[in-house]
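Asker: make a model of this:
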Amino acid sequence: MNDGVNGVALAVFIFFFLAVTVMGFLAARWRRAADEQSLDEWGLGGRSFGTWVTWFLLGGDLYTAYTFVAVPAAIYAAGASGFFAVPYTILVYPLIFTFLPRLWSVSHKHGYVTTSDFVRGRFGSKGLSLAVAVTGILATMPYIALQLVGIQAVLDVMGVGGGENTNWFIKDLPLLIAFGVLAAYTYSSGLRAPALIAFVKDTLIYIVIAVAIIYIPIKLGGFDEIFKAANDKYTANGVGGIVPAETGQWTYATLALGSALALFMYPHSITATLSSRSREVIRRNTTILPLYSLMLGLLALLGFMAIAAGVKVENGQLAIPQLFETMFPAWFAGVAFAAIGIGALVPAAIMSIAAANLFTRNIYKDFINPDATPAQETKISKLVSLLVKVGALAFVLTMDKTVAINFQLLGGIWILQTFPALVGGLFTRWFHRWALLTGWAVGMLYGTLAAYGVASPTQKHFGGSAKEIPGIGEIGYIGLTAFILNAVVTIVLTFAFRAVNAPDGIDETSPEDYTADAGDKDVQAELPPATAGATH
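Answerer: Now for the predicted structure:
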């Protein structure tokens, strides 16, 4: 790693950062609506995005700085087991093809902004809606923090902020500036900002990956040399070579499956989905989004390249930025760093908006101010989006950054517990609201306690997301075990509550709502604003 500042790379990075900052503020004028003081406009972009905007937005939402930094870092540290992210992004698309169009339709019909809006409307339960909202906010916080870790990794490699002995304020000042800019244009432009910036972000990422997958192997002597160097390192470290040992196969499979089930439970994934203008846009995107999985597989190979290039870092999150600085000319390293930095800004903005919408609609409006006007909702969401980012920033500045991915995986354990209420509710109302709430509580409790008991070389608690599966004896993903426990409790208690005729909540949806499209008559839209809000 260079001792000083990489001036050329920093200049290129600043150029792109300033460009997307300007775009972020100008986005407020893009597709400007007559009435901007509503969550539909600020938080969902007016529900107006077509196929390509939605594709870039979802891609920018799902393929983040985590993708660029943490996935190759996992390969760099542990071998092919880090490839779990590739199969899970393949598994997820057939899954979401079955339920996302239904969620879009019913949300369009009733004006739902969040998943908790749907859960409350479907099951007539504010308690269950609150549980889904709180889970979404908790799971999103470490995910936002991981994006800031990506920015900080790039800044560290460029030599910005000084060394470890530098005053903490000076060291973290560049990150604070990036955070301030992110907070400002998100507050001003809402979801339109990351939607517009996503075009730049994805273009840069594709360029960097295309160059890296050709240029770096040529400099390192080809993929034979790369894989040989990686295999030698893993063998020397006792990992057993590139391919993980048989004992790790359950972990790999359960982590991939559990992550696939969890991905579109995250609030930011649903926010990007609901911003599209029609049901057909969603269906079309589920068929073309797998193009990103091809990119992810190539990106993961960078972990092997970092080993072959002789990259030595104590913090694995720095491996790929350091690889870029080592292998690329300074100007193109700046382009690569900009891709990572912008790859953090886009999802961080969407995540903070999604978390803020959950608080506003399902905590503030449901429990604090039921008579809140659309303008008041928008104001509260803007303020909460700032607070969410402050919380994520505090996480980054106070916690050990080498374990950021473990806290994001803990968020995955939590968010997976909302699957029965959300996806189950889209296809059936047989599950009882009290059973769903109890199952959620059991899954959350088990998942959190199990993760708390996992240690690692750098952490006494929350050191990973895999543990022995009760009754099987194999090591597996805690989130999937908690989800199965959640589902079993939900099913058993539903039979019990049905047997004693426990009261159901009022379902405000009807079967045709789940297949409605934008062109269908929307009675909700014809109601006066105050009346329409009362039905929520």
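Asker: so what does the host helix or strand of Leu393 touch, helix or strand wise?
Answerer: Here Leu393 sits within helix 374-398, counting by DSSP states H and E. Using 3 or more Cβ pairs under 8 Å, 6 or more residues apart in numbering; DSSP states H and E, the elements in contact with helix 374-398 are helix 39-42, helix 126-157, helix 168-189, helix 330-359. Quick note: C-beta positions are derived from backbone N, CA and C, even for glycine.
Asker: now do it: distance to the chain's middle.
Answerer: 17 Å (Cα atoms, centre = their mean, to the nearest Å).
Asker: stretch 270-285 now?
Answerer: Counting by Cα atoms, centre = their mean, stretch 270-285 comes out at 17 Å from the chain centroid.
Asker: weakest of the helices and strands packed on helix 374-398 by average pLDDT?
Answerer: Per-stretch averages of pLDDT across the helices and strands packed on helix 374-398 put helix 168-189 at the bottom, with a mean of 80.
Asker: what angle sits between that one and helix 374-398?
Answerer: 160 degrees (axes from the mean of the first three to the mean of the last three Cα atoms, to 10 degrees).
Asker: buried set for helix 168-189?
Answerer: 171-175, 178-179, 181-183, 185-189 (16 or more other Cβ atoms under 10 Å).
Asker: what's the burial count for the spatially closest residue to Glu225 that is not a sequence neighbour?
Answerer: Spatially, and ignoring its direct neighbours in sequence, Glu225 is nearest to Ala308 (6.1 Å; Cβ to Cβ, 6 or more residues apart in numbering). Neighbour count for Ala308, taken as other Cβ atoms under 10 Å: 23.
Asker: tell me the contacts of Ala308?
Answerer: The contact partners of Ala308, by Cβ atoms under 8 Å, 6 or more residues apart in numbering, come to 220, 225-226, 229-230.
Asker: using CSV, list the CA coordinates for stretch 21-41.
Answerer: C-alpha atoms of stretch 21-41 as CSV (Å, rounded to 0.1, in the frame of the first residue of the first chain):
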residue,chain,number,x,y,z
THR,A,21,-23.4,14.6,-6.5
VAL,A,22,-24.6,17.1,-9.1
MET,A,23,-26.8,14.4,-10.7
GLY,A,24,-28.2,13.7,-7.2
PHE,A,25,-29.3,17.2,-6.7
LEU,A,26,-30.6,17.7,-10.2
ALA,A,27,-32.6,14.5,-9.9
ALA,A,28,-35.2,16.5,-7.9
ARG,A,29,-36.2,18.1,-11.3
TRP,A,30,-36.3,14.7,-13.1
ARG,A,31,-39.8,13.5,-13.7
ARG,A,32,-41.0,16.3,-11.3
ALA,A,33,-44.6,15.7,-10.1
ALA,A,34,-47.3,18.4,-9.6
ASP,A,35,-47.4,17.4,-5.9
GLU,A,36,-44.1,16.4,-4.5
GLN,A,37,-45.2,16.3,-0.9
SER,A,38,-46.1,12.6,-0.7
LEU,A,39,-44.3,9.4,-0.1
ASP,A,40,-45.3,8.1,-3.5
GLU,A,41,-43.2,10.9,-5.0
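Asker: could you list the residues in contact with that stretch?
Answerer: With Cβ under 8 Å, 6+ apart, stretch 21-41 has contacts from 42, 45-48, 111, 113, 181, 184-186, 188-190, 192-197, 200, 349, 357, 360-361, 374-375, 377-378, 381.
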